[in-house]
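In: everything below, folded, please.
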Amino acid sequence: MILVTGATGKIGSRLTKHLIDSGERVRVVSRSEEKLEGFKKLDAEPVIGNLLERDSCLRAFEGCDRAFLLVQGDPTSGRHYEEEIQVGKNYAEALKAADIKHAVFISSLGADKGTGSALIDSKIQIEADLKNAGVPVTVTRPGNFLENMYNFLETVSSAGFFTYPMPGNIKIPHVSVDDIAEIAFKVLKRGPNGWEIIEMPGIEYSFFDIAMEISENLNRMIKYMRVSDEQFREVYSGFGISDKFCDDYLAMFKFFERANFKYNPQSIPPEFNYSPKTLEEFVPELVRSIK
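Out: Next up is the predicted model:
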């Protein structure tokens, strides 16, 4: 039995389907019974639980021999860092208590560098806690998700632009969540390899590159516009996002500006026969969702 945390999210949902299609027994956990309904049709075992609570987390792991681990603090609480650290500690304890033979943890590119953003820096603390558990864990460190562009469907469709709080000409690593789920699947099927770190940078693109590719596919001009920190805070606070989360989000993009990434897109073990999804492959999928 494989436990999939974050099963209702972009990566976990894809991974769950891969695993079930391959004949694996899968348990999915969420705090929302409603969100778990769809997994019953896939023959996954749904479990309602709050991974922030130690006992609930331990129960979710019971009877499983492998696990997929993901953390996501609440962006509205102002305590997302503390929440992620607590979930990581619960995971580490559960790995030992349930006698897990192999786990995959989704970390972040740059987690080993001290970025100044809790959105990334929490992952290195969790990596340390998982390593101390003494259980074989494969850590994947992906770059910025291409699929984050789906957050801008409305502005791209209605106004012809999308925004981020950083310069549009700086290239940063972008990776598809499809690729992350695929590698997690292949790692779980392959089995443990001790304490293992796999960098998943994807391919470096600037936001200008993305705007140009969308423009070509839509046959109309789509612009990238940098917003100021103040504009960013105003918009995100309107969605109920905490000031602390805004601070850490902005710090993440400041890190992207100065990081000068030098990762090799082909650094993933050749046994996985991995080729990162390109912008040219991704954008047509995106455009089909744009009005």
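
In: CA only for contacts and neighbour counts going forward, please
Out: Noted.

In: just the element for residue 162, please.
Out: Secondary structure from DSSP states H and E places residue 162 in strand 161-164.

In: give me the contacts around the helix or strand just after that strand.
Out: Sequence order places strand 172-175 as the next helix or strand after strand 161-164, per DSSP H and E. For strand 172-175, contacts defined as Cα atoms under 8 Å, 6 or more residues apart in numbering pick out 142-146, 200-206, 256, 261, 276-277.

In: what about the helix or strand hosting residue 104, distance to the chain center?
Out: Assigned by DSSP H and E, residue 104 falls within strand 102-106. Strand 102-106 sits 13 Å away from the centroid of its parent chain (Cα atoms, centre = their mean, to the nearest Å).

In: sheet-wise, list the partners of it with their directions.
Out: Here strand 102-106 is paired, per DSSP bridges, with strand 66-69 (parallel), strand 137-142 (parallel).

In: and of those, who's closest to residue 111?
Out: strand 137-142 (7.7 Å; Cα to Cα).

In: which other residues reach the closest one?
Out: By Cα under 8 Å, 6+ apart, strand 137-142 touches 102-111, 127, 130-131, 175, 180, 187, 192-202.

In: out of those, name the ones that lie in helices.
Out: Applying DSSP state H to these, the entries found in helices are 127, 130-131, 180, 187.

In: tell me the one of those residues nearest residue 39?
Out: Lowest distance from residue 39 to those (Cα to Cα) belongs to residue 180, with 20.1 Å.

In: would you map the helices across the stretch 1-150 of the chain?
Out: Secondary structure of the stretch 1-150 of the chain (DSSP state H, counting those that start in this stretch): helices at 10-21, 33-41, 54-61, 80-97, 118-132.

In: export those helices to a markdown table and tack on distance to residue 160?
Out: Formatted as a markdown table, the helices of the stretch 1-150 of the chain follow (distance: least, Cα to Cα, whole Å):
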| stretch | distance to residue 160 |
| --- | --- |
| helix 10-21 | 25 |
| helix 33-41 | 33 |
| helix 54-61 | 44 |
| helix 80-97 | 32 |
| helix 118-132 | 29 |
